[in-house]
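Engineer: This is the structure alone, sequence omitted:
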DNA sequence: AGTAGATTTAATCAGGCGATTAAACTGTAC
DNA sequence: GTACAGTTTAATCGCCTGATTAAATCTACT
């Protein structure tokens, strides 16, 4: 009975994949139960049978994607010994996320929660672990240093998430991705120099006179 | 005939205001001709009579908002003599934009253009002037300096827009705005020290292992 | 008073939406 | 072989959507 009839599990799988694909290509506004079901080549009533509703399915898609991406980040980020390495590693995975659509999935859901109070708590609950994760990674590589006093890991984590959400929208203004690429290059170029920020400010003017 | 019957102009006005309000509170997905008309206390057919369609009305709302915000930025930004002042000024206006909803309006439209090719060109055309504006402001305060070689104004402009778009979504994960505030504070704290980034990298030490 | 033109209204259309339902199917257990 | 539970299907409900239309309204000018 329940045994091999876990073809239901495969259907859930297909629906989750199709939901992710659909929200990536059509945005939240264009992601209906019928559109998802069509992409999954499945009857649309199954969205409700298996998940109870469209939003629950989209949250399931977000959860699966987040799990996968978080695992990838965690594994890679644990290797990084310095801020420079951390930014370099994170940039590489950002790029992959962007290509793979996880950023779109995430930020479409955040956007959707503007108008949907019942979605909002769900999204917040799924965002906080990311903020904590980034904060901890930063704490590990710059914690206790003068740089951490100037740039507290918590605040930097907020900045990273903000950038993460923004880059998804920005890429839509940047069809060929060259501008986005410039952005990542900038971050990678600056990171190795970040601790210079903690030096004593020399006197104004001139072309910057190094001092002491 | 055409004279005083420019009560049509007032209707257009009310519709544009209502469109902006609606997309801010309901998001693009919840912004229908009927919803806008109801907010404007006007018959919904007037959306089509005066603007031809919902999207055209939303673009008109974006144009009005952009015009106003651009004027405010231009006036304030022209005063800034240094990067520090520029960031401080821009932060102040960002905060006002965020409160007033222009950022939401803009980024909802960018998000909507994901699924709507015909909207996409319109949005791109409305974004480029902002990127140019930021680039020029940066060029004015840091152009020619060593800092501009490390952080090219064009790339910094991309970063600013990315941040601008992201902060709208980020604030939805941040009901009480304390996190967003931390973000602005960070930017203001770092800007005055930015030119330290151009100093020669001193030898490593402490926790960092020298290399080469 | 009457006409012309711009504006507004209410009714209406076809189509997509989330969601529900009863019936059909399917592999398993008795 | 038949009863059963999990799954799938097609049909359907009421609602909202963008958009159109003909008729009504209103003001200015003659």
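Structural biologist: That came through, no problem. Since the model is a prediction, treat every value here as computed from it, not as a measurement. Numbers count the residues shown, from 1 in each chain, chains lettered A, B, ... in the order given.
Engineer: got a list of what the residue of chain A found nearest chain B touches?
Structural biologist: Residue nearest to chain B within chain A: residue A:166 (2.5 Å; CB to the nearest CB). (Glycine included, C-beta is placed from N, CA and C.) Neighbour list for residue A:166: B:161, B:162, B:163, B:164, B:165, B:166, B:167, B:169 [criterion: CB atoms under 8 Å, 6 or more residues apart in numbering or on different chains].
Engineer: quick one: contacts for the residue nearest in space to the middle of chain A?
Structural biologist: Most central in chain A under CA atoms, centre = their mean is residue A:103, positioned 4.7 Å from the mean C-alpha point. In this structure, residue A:103 makes contact with A:94, A:97, A:164, A:165, A:167, A:168, judged by CB under 8 Å, 6+ apart.
Engineer: let's see it at 6 Å
Structural biologist: Applying CB atoms under 6 Å, 6 or more residues apart in numbering or on different chains to residue A:103 gives the contacts A:97, A:168.
Engineer: so residue A:24 touches residue A:102, yeah?
Structural biologist: No: counting by CB atoms under 6 Å, residue A:24 stays clear of residue A:102, with 8.9 Å between them.
Engineer: And the two? Which one has more around it.
Structural biologist: Neighbour count, other CB atoms under 10 Å in any protein chain shown: between residue A:24 and residue A:102, residue A:102 has more, with 25 against 20.
Engineer: ok so, going back, quick check on the residue nearest to the centre of chain A: phi, psi?
Structural biologist: Main-chain torsions, residue A:103, degrees, to the nearest 10: phi -60, psi -40.
Engineer: can you check residue A:200 too?
Structural biologist: phi -70, psi 140.
Engineer: Check which helices and strands the longest helix anywhere in chain A sits against.
Structural biologist: Ranked by residue count, the top helix of chain A under DSSP state H comes out as helix A:117-142. Here helix A:117-142 is seen to pack against helix A:54-77, helix A:83-100, helix A:102-112, helix A:153-171 when contacts are counted using 3 or more CB pairs under 6 Å, 6 or more residues apart in numbering or on different chains; DSSP states H and E.
Engineer: redo that, cut-off 10 Å
Structural biologist: In terms of contacts (3 or more CB pairs under 10 Å, 6 or more residues apart in numbering or on different chains; DSSP states H and E), helix A:117-142 is packed against helix A:54-77, helix A:83-100, helix A:102-112, helix A:146-150, helix A:153-171, helix B:153-170.
Engineer: what angle do it and helix A:153-171 make?
Structural biologist: Orientation check (axes from the mean of the first three to the mean of the last three CA atoms, to 10 degrees): helix A:117-142 against helix A:153-171 gives 120 degrees.
Engineer: can you give me the offset of helix A:117-142 from its chain's centre?
Structural biologist: Centroid displacement of helix A:117-142 relative to its chain, using CA atoms, centre = their mean, to the nearest Å, is 10 Å.
Engineer: can you tell if it touches DNA strand C?
Structural biologist: No: using CB under 7 Å from any atom of the strand, helix A:117-142 stays clear of DNA strand C, with a minimum separation of 10.2 Å.
Engineer: interface residues of chain A facing DNA strand D?
Structural biologist: A:1-2, A:5-11, A:42-46, A:49-50.
Engineer: Recalculate using a threshold of 10 Å.
Structural biologist: Neighbours of DNA strand D within chain A, by CB under 10 Å from any atom of the strand: A:1-12, A:14-15, A:33-34, A:37, A:40-50.
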